[in-house]
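Chemist: Got a predicted structure here, sequence first:
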Amino acid sequence: MLENLTDKLGSALRNLRGVGKLSEDNMAEALKEVRKALLSADVHFKVARAFVANVQAQCVGQEVLKSVTPSQQVIKIIHDELVKLLGEGATDLEDKKPLRIMMVGLHGSGKTTSSGKLARYLAKKRAYRPALVACDVYRPAAIDQLEMLAKNEGCIFYGDREEKDVIKIGKRGLEAAKLADANLIIFDTAGRLQIDTDLIEEIKQLKDAVQPDEILLVADSALGQEAVNVAKHFHEAVGCTGIILTKLDGDARGGAALSMKSISEVPIKFIGLGEKSDEFEVFHPDRLASRILGMGDVVSLVERAQENIDEKEAERLAEKMRKADFNLEDFLSQMQQVKKMGSLSSIVSMLPGASGIQVGDEEEKKMARTEAIILSMTLKERRQPRILRGSRLKRIADGSGVQVRDVNALLKQFGQMQKMMKMMNGGKGRKMMKAMKAQMGEGGGMPGLPGM
């Protein structure tokens, strides 16, 4: 979502190459472009102005170190200011059991989906036993949606389709959750405008009735500057303790993420990255700042690898690659492990220096097509692709919904990959790998992804 801001900031800082000392004159043009980049990304104008002023105050007069370029030095300053802007340190929920959470926000911001995601996250990461309470009596099918999410995630559910008094539902839901031995109770409320006084009064009364430990505002990142006003009004009304920023995988310009903390004084605690229940993360300001500046987010990538990749299986595949004994069955296994880490675009966005690489739907479709082709093969065919001829190729193409030429193209690419493995396993290859290991250290590489 923030690729446009990343590109514009990169362009603004390229002008500083070859500068020996940072001054008002040589910084003026660069910071003007930085300010434009922030405003075009929907960052609140007050935030953009203060941000540029802070960066300028730190930059001007600094001697450029011999070991770095001026743009690198400015990037470091901008990175630190971005972290301050987003909220320093990883903000977290209260560490207590039982924990009561009330979800609030506008219509369509993703409260119900986020309730299910949060329940799944806390159950998996912190061993909570969650209960979801349906307090939205206005939106058609809201109760059904929450009930389905609860069922899918193995959560306790409470809803009353006959009762229209939200306060009564909240109290009864709280009692039902206690009786079911739940130690995490999430109250999903109806969407409401910050100017709707009756509905705002309703969540105030619900807050008094259920005494939540956390009140999380679910905000759509596509709202731009308006999201900041929404956060401010809701915080003034009910005292929000945190924000869940949704739809960060979309094409919104991302200014909400950079403005909310400083204007509303409410920290962003979680971010939603897609529709799937596992596309939900704790918000780390320093990691997002690194992504914005095209520096990647290797820490999050490693965490994903550790969570989703079977280390023994990865070691087995790595050993087969080292011995050049890697077949299509192994290739399928590796591909499926990588898929567990998320979409290709989300993985690429975490790689340092990969901000300019666009991974669209076409690449995702190619990966899915490759998987379908291999799944259409028998186990023997995957292990011995050399036997694939005539009728076998036709059967595989029909089974995966592609043309025979597509199957042949995959086999050709895989053959080239096998040749490369054999070359790497030869004398020259071993020498090259030994030199690389010496540079990186024997323990170099990504945990759970040997050889990467």
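Modeler: Yes, it's here.
Chemist: mind listing the strands for the stretch 51-200 of the chain?
Modeler: 99-105, 130-135, 156-158, 184-189 (DSSP state E, counting those that start in this stretch).
Chemist: in the stretch 351-452 of the chain, which ranges drop under the pLDDT threshold?
Modeler: Applying pLDDT under 70 to the stretch 351-452 of the chain flags residues 351-361, 424-452.
Chemist: Go through the helix or strand harbouring Lys422 and flag the buried ones.
Modeler: Element membership for Lys422 (DSSP states H and E) is helix 404-425. Residues of helix 404-425 classed as buried by neighbour count (16 or more other Cβ atoms under 10 Å): 406-407, 410-411, 414, 418, 421. C-beta coordinates here come from the backbone N, C-alpha and C atoms, glycine included.
Chemist: Just the C-alphas of stretch 123-130, formatted as PDB.
Modeler: In PDB, the C-alpha atoms belonging to stretch 123-130 read as follows (Å, rounded to 0.1, in the frame of the first residue of the first chain):
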ATOM      1  CA  ALA A 123      -5.800 -18.000  21.100                       C
ATOM      2  CA  LYS A 124      -2.800 -19.100  19.000                       C
ATOM      3  CA  LYS A 125      -0.100 -16.800  20.400                       C
ATOM      4  CA  ARG A 126      -1.100 -16.500  24.100                       C
ATOM      5  CA  ALA A 127      -3.300 -19.500  24.700                       C
ATOM      6  CA  TYR A 128      -6.500 -17.600  25.400                       C
ATOM      7  CA  ARG A 129      -9.900 -19.200  25.300                       C
ATOM      8  CA  PRO A 130     -11.900 -16.600  23.300                       C
END
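Chemist: buried ones in it?
Modeler: Buried residues in stretch 123-130, counted by 16+ other Cβ under 10 Å: 123, 128-130.
Chemist: What of stretch 311-330?
Modeler: 314, 317-318, 320-322, 324, 326-330.
Chemist: Next: stretch 396-403.
Modeler: Taking 16+ other Cβ under 10 Å as the criterion, stretch 396-403 shows 396-397, 400, 402 as buried.
Chemist: how much distance is there from it to the middle of the chain?
Modeler: 34 Å (Cα atoms, centre = their mean, to the nearest Å).
Chemist: could you dump the buried residues of stretch 311-330 to TSV with secondary structure?
Modeler: Listed next are the buried residues of stretch 311-330 as TSV, based on DSSP: H, G, I helix; E, B strand; the rest coil:
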residue	secondary structure
Ala314	helix
Leu317	helix
Ala318	helix
Lys320	helix
Met321	helix
Arg322	helix
Ala324	coil
Phe326	coil
Asn327	coil
Leu328	helix
Glu329	helix
Asp330	helix
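Chemist: how many neighbours does Lys366 have?
Modeler: 13 (other Cβ atoms under 10 Å).
Chemist: which other residues reach the helix or strand hosting it?
Modeler: Counting by DSSP H and E, the element that carries Lys366 is helix 361-375. Outside helix 361-375, the residues that touch it by Cβ atoms under 8 Å, 6 or more residues apart in numbering are 328-329, 331-332, 335-336, 339, 343-345, 382, 396-397, 400-402, 406-407, 410.
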